[in-house]
Structures are given as structure tokens and as C-alpha cells.
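Enquirer: Return a 3D structure for these sequence lines:
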Amino acid sequence: MLVAAAVCPCPPLLVPEVAAGAAPELDTARAACTDALGVLAAARPDLLIVLGPADTGAPADRDTPDTRAYAEGARGSFRGFGVDVTVRLGQAGATEPEELPTSLAVAAWLLERTGWSDAPMEGLALREPISPERCTDIGRAVAARADRVAMLVMADASACRTLKAPGYLDPRAEPFDTEVARALSVADIAALKTLDRDLARELKASGRAAWQTLAGAGEEAGLTGSLLYEGAPYGVGYLVATWS
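Expert: Presented below is the predicted three-dimensional model:
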């Protein structure tokens, strides 16, 4: 059963070496992420599932898996962003060398930064297109993995909040992000399940599938939500929340 969850944004800019001179702009978000991971540790889980979007690439077809699991010990790096920073998902050694997608690499950096050693972990990447119903089913399966499951959900909101945003300015972006923030703040599972997949795609909200997977995992948990951070630096919506 799901006993706790933390929702954090997953831009590589969270890593100070990637952000370079702009690093202080995300200090408040980093601090909120640290607090959120503290909530996970306090729940004393038997298993931590680290969830996030797969890296974008060629569109998936019917033969392309919509999820990919990563064993504890899988490695990632930020060399593609111009810095020689490598990370590892947890402590155990993976049997196969696996390159984490960016969202899970950011998660691994957060976990290393906070010295996580409270439970074994696994990574799970979600690849678009993936339906809300499929996300819900994945979440239910995740919650059934152990008696006490925690989730670290890496998810960005819209990328259309300003004229200089990656997706340019879209007036629908701020209301969309505000509703997601509200739903996360009160653990409103029904609202997360009914997020509009097409609208999320148009607003470049990469976290839609991850939020809906969390909703599936939390159906029977009766958890309470708390919003720790809400902002849109660089025109992208970033949210930090906890369920416990």
C-alpha cells in the first residue's frame, strides 16, 4: 500500500552544475524537494518507486513498451547538458548498465544529495502516449508491490507560462498548473485522474502521466496532501508536494 509520496519537478537545472550561474534561482525549489524527501524517509517504506517521464524521442508505436523499469544501481549522467556529473539510483549494483532518463537522473541526484538509505528502490519511466486508464492501472500495481510503498514522482507542469517559455505563452497554462497544484495539495485523486491528456500535451506538461499514476497508487491510501512549492521560473511550472 502507498504510505507516502513526494512530487518534485525534474528539470536538469535543479542540478547546480547544470544551472551554473542561474543555480540560485532554484534554491527554494531544491530546499522544498529536500523537505519532501524527508517526508518519504519518515514514512519508513519497504520500497521506494521513483517515477518519471521517459526521455522524448521517436513516437511510440503499438510495439513500444509504455514503461521501462530501472533496477537499483542504474546510472545516469548530465553530460548531455555540458557537465561531467554522474549519478546512481540507490546503493545496490545493477546487473546491467542502464542509462537513466533525465527525470530519473534528477531524482537520483536528489536522493544522493539527501543521503537516502531508508529503503531499496526501483525506477520506472513512463513513455507517451499513455492513457490515463493505463496510468491508473500502473499506479495500482505499484501500490501493491509491498506492505509499505513510497513514491518519488518526478513531474513538470506546463512549459507555456511566459513568452520566453519553451512552449511560448499559452493563456491556458496557468489555470492548468493551478488546478494541478490544488489537486496535489489536497490529494484529490479524482481531479488528477481526469486531467485532460490532450491539453497537457499541448501545454508540454510532461508530468501528466506521472501524476495520474500517483492517483492510481493512492486510491485506497487515504493520504493527506501538502503543497511545499509552486513557481514558474523560466516559464515552466514546477511543483513540490507531499502525500502522507
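Enquirer: Contact partners for the most centrally placed residue in the chain?
Expert: The residue lying closest to the centre of the chain (CA atoms, centre = their mean) is Met154, at 0.9 Å. Contacts for Met154 (CB atoms under 8 Å, 6 or more residues apart in numbering) come out as 8-10, 50-53, 103-104, 106-107, 207, 210. Backbone N, C-alpha and C define where each C-beta goes, glycine included.
Enquirer: Just the ones of those in strands?
Expert: Judged by DSSP state E, the contacts of Met154 include Cys8, Val50, Leu51, Gly52, Pro53 as members of strands.
Enquirer: The second one reaches Val106, doesn't it?
Expert: No. Contact criterion CB atoms under 8 Å: Val50 and Val106 do not qualify, at 10.0 Å.
Enquirer: returning to that earlier point: and which of the ones in strands among the contacts of Met154 is nearest to Leu37?
Expert: Cys8 (8.0 Å; CB to CB).
Enquirer: thought the closest one was touching Ala157?
Expert: No. At 11.8 Å, Cys8 and Ala157 do not qualify as touching, with contact defined as CB under 8 Å.
Enquirer: thinking again about what came up before, give me phi/psi at the residue nearest to the centre of the chain?
Expert: Met154 adopts backbone torsions of phi -100, psi 120, taken as degrees, to the nearest 10.
Enquirer: Leu89 now?
Expert: Dihedral angles (degrees, to the nearest 10) for Leu89: phi -80, psi 90.
Enquirer: dump the residue contacts of the closest residue to Gly139 other than its chain neighbours.
Expert: Spatial nearest neighbour of Gly139, excluding adjacent residues (CB to CB, 6 or more residues apart in numbering): Gly216 at 2.5 Å. The contact partners of Gly216, by CB under 8 Å, 6+ apart, come to Cys135, Thr136, Asp137, Ile138, Gly139, Arg140, Val142, Ala143, Lys193.
Enquirer: Give me the buried subset of those residues.
Expert: Neighbour-count burial (16 or more other CB atoms under 10 Å) is assigned, among the contacts of Gly216, to Cys135, Thr136, Ile138, Gly139, Arg140, Val142, Ala143, Lys193.
Enquirer: what would those residues look like in TSV with secondary structure?
Expert: As requested, those are exported to TSV (DSSP: H, G, I helix; E, B strand; the rest coil):
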residue	secondary structure
Cys135	helix
Thr136	helix
Ile138	helix
Gly139	helix
Arg140	helix
Val142	helix
Ala143	helix
Lys193	helix
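Enquirer: Turn those residues into CSV, including distance to Leu169 and pLDDT.
Expert: Listed next are those as CSV, based on distance: CB to CB, whole Å; pLDDT from 0 to 100:
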residue, distance to Leu169, pLDDT
Cys135, 28, 98
Thr136, 32, 98
Ile138, 33, 98
Gly139, 32, 98
Arg140, 37, 98
Val142, 35, 98
Ala143, 38, 98
Lys193, 28, 98
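Enquirer: Quick check: of the residues you listed, which lies closest to Arg201?
Expert: Cys135 (13.8 Å).
Enquirer: Can you verify my assumption that the closest one contacts Leu126?
Expert: Yes. With contact defined as CB under 8 Å, Cys135 counts as touching Leu126 (7.2 Å).
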